[in-house]
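# Predicted structure and sequence below. I'll ask about it afterward.
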Amino acid sequence: MAKKYVFVSGKGGVGKSSVALGIARSMSEKGLRVLIADFDIGLRSLDLMLGVSETVVFDWGDVILGRCSIKDAVINKGSLAFFPAPVAFDEAFTAEEVRNLFDVLDGDFDFMLFDAPAGLGEAFELACSAAGNAVLVTTPDSVCVRSCGTAAAKVRALGFENPELIINRFVEKPVTKGRLLNIDDCIDSVAAKLIGVVPEDFAIVTSSVTGIQPDKNSPASKAFDRICLRLNGERVPLFED
Ligand SMILES: Nc1ncnc2c1ncn2[C@@H]1O[C@H](COP(=O)(O)OP(=O)(O)OP(=O)(O)O)[C@@H](O)[C@H]1O
Ligand SMILES: [Mg+2]
């Protein structure tokens with residue numbers, strides 16, 4: 001059975017899509033079978049970040065509506081499988097429809113990663129509906145950390161008892177100068193188990209524009225590798241030695 005994680009944050013723009021994609025790429029490189037699904041209905045981004053926007057014809061909404069098969073809608077980029085989100089919110093999907101769709105694919109993947117939209121509304125709940133656990137993503141600033149704490153409470157209310165936490169865009173210097181929160185402050189505020197710290201890395205920005213994977217030795221890629229191993233149950237230190 002696939003392990004299914006939804007990536008959530010509360011506030012937008014903290015790096016949910018970038019982090020979910022980085023981890024998915026790392027998983028596929030390690031030989032794990034992984035599907036990443038965009039749940040940002042109307043504002044999808046993963047197709048661009050993966051450099052496949054020109055090849056998207058169908059999305060998971062089309063599958064639910066019976067317009068195409070799963071095979072027609074899932075795009076394979078190397079060994080990574082990608083399910084695009086609907087371009088518009090003009091159809092209503094139920095949690096049950098979404099759950100059933102991804103349950104069908106259970107045996108085909110080791111991991112399924114669901115990239116939730118910003119906010120804590122209907123679309124967020126839909127993204128959570130097929131997942132078995134939630135990964136909270138925040139940047140280390142008080143505004144995003146507070147919204148991440150609210151998202152943590154919300155996912156707990158939805159039944160995810162032990163959400164995990166990733167701090168993204170971490171920079172050492174401003175933290176020591178007190179402008180941003182330190183790692184302990186983030187953990188205390190969100191009250192979730194930390195599974196990774198991803199540094200600020202310009203390679204992520206260029207990659208999301210070009211659709212080309214960041215260098216494997218870039219600081220963020222190395223952080224994604226460690227998170228991937230931890231999600232796969234391996235004991236890996238949070239930081240590089
Ligand atoms: N570790 C990082 N270092 C530098 N830039 C980053 C990092 N993570 C994300 N970014 C940049 O931050 C911006 C927002 O990232 P992303 O789209 O992944 O956020 P998001 O939380 O998915 O946003 P939304 O809530 O709108 O879906 C992008 O320009 C991305 O390149
Ligand atoms: Mg996003």
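Received it, and whenever you're ready, just let me know what you need. Ligands and ions are numbered 1, 2, ... in the order given.
# so residue 73 sits right up against residue 84, yeah?
Yes. If you go by C-beta atoms under 8 Å, residue 73 and residue 84 touch, sitting 7.1 Å apart. Yep, even glycine has a C-beta here, placed from its N, CA and C like the rest.
# With neighbour numbers in mind, choose between those two.
Legend: neighbour count by other C-beta atoms under 10 Å for residue 73 and residue 84, higher for residue 84 (24 against 21).
# so the more buried one makes contact with residue 68?
No. Taking contacts as C-beta under 8 Å, residue 84 lies outside contact range of residue 68: 11.6 Å.
# any residues in contact with both of those two?
Residues touching both residue 84 and residue 68 (C-beta atoms under 8 Å, 6 or more residues apart in numbering): residue 58.
# and the longest helix seen in the chain, how far from the chain's centre?
As assigned by DSSP state H, the longest helix anywhere in the chain is helix 142-157. Here the centre of helix 142-157 is set off from its chain's centre by 16 Å, with C-alpha atoms, centre = their mean, to the nearest Å.
# From the contact counts, what lies against that helix?
strand 3-8, strand 133-138, helix 183-190 (3 or more C-beta pairs under 8 Å, 6 or more residues apart in numbering; DSSP states H and E).
# got the residues of the protein near ligand 2?
Taking C-beta under 5 Å from the ion as the contact definition, the chain meets ligand 2 at 16-17.
# All the helices of the chain, residue numbers only.
Applying DSSP H to the chain gives helices spanning 16-29, 46-49, 60-64, 70-73, 95-104, 122-129, 142-157, 172-176, 183-190, 202-210, 219-231.
# Now render those helices as TSV, adding mean pLDDT.
Formatted as TSV, those follow (pLDDT from 0 to 100):
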stretch	mean pLDDT
helix 16-29	98
helix 46-49	96
helix 60-64	96
helix 70-73	97
helix 95-104	96
helix 122-129	94
helix 142-157	95
helix 172-176	74
helix 183-190	92
helix 202-210	94
helix 219-231	97
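# Kindly compare burial across those helices and name the winner.
When you average the neighbours per residue for each of the helices of the chain (mean count of other C-beta atoms under 10 Å), helix 16-29 leads with a mean of 26.
# Spit out the contact partners of residue 231.
3, 5, 23, 27, 111, 195.
# Could you tell me how far residue 99 is located from residue 89?
According to C-beta to C-beta, to the nearest Å, residue 99 stands 19 Å off from residue 89.
# got it, and residue 151?
From residue 151 across to residue 89, the span is 21 Å (C-beta to C-beta).
# What of residue 164?
Distance, residue 164 to residue 89, by C-beta to C-beta: 29 Å.
# residues shared between the contacts of residue 73 and residue 84?
Common contacts of residue 73 and residue 84 (C-beta under 8 Å, 6+ apart): 58-60.
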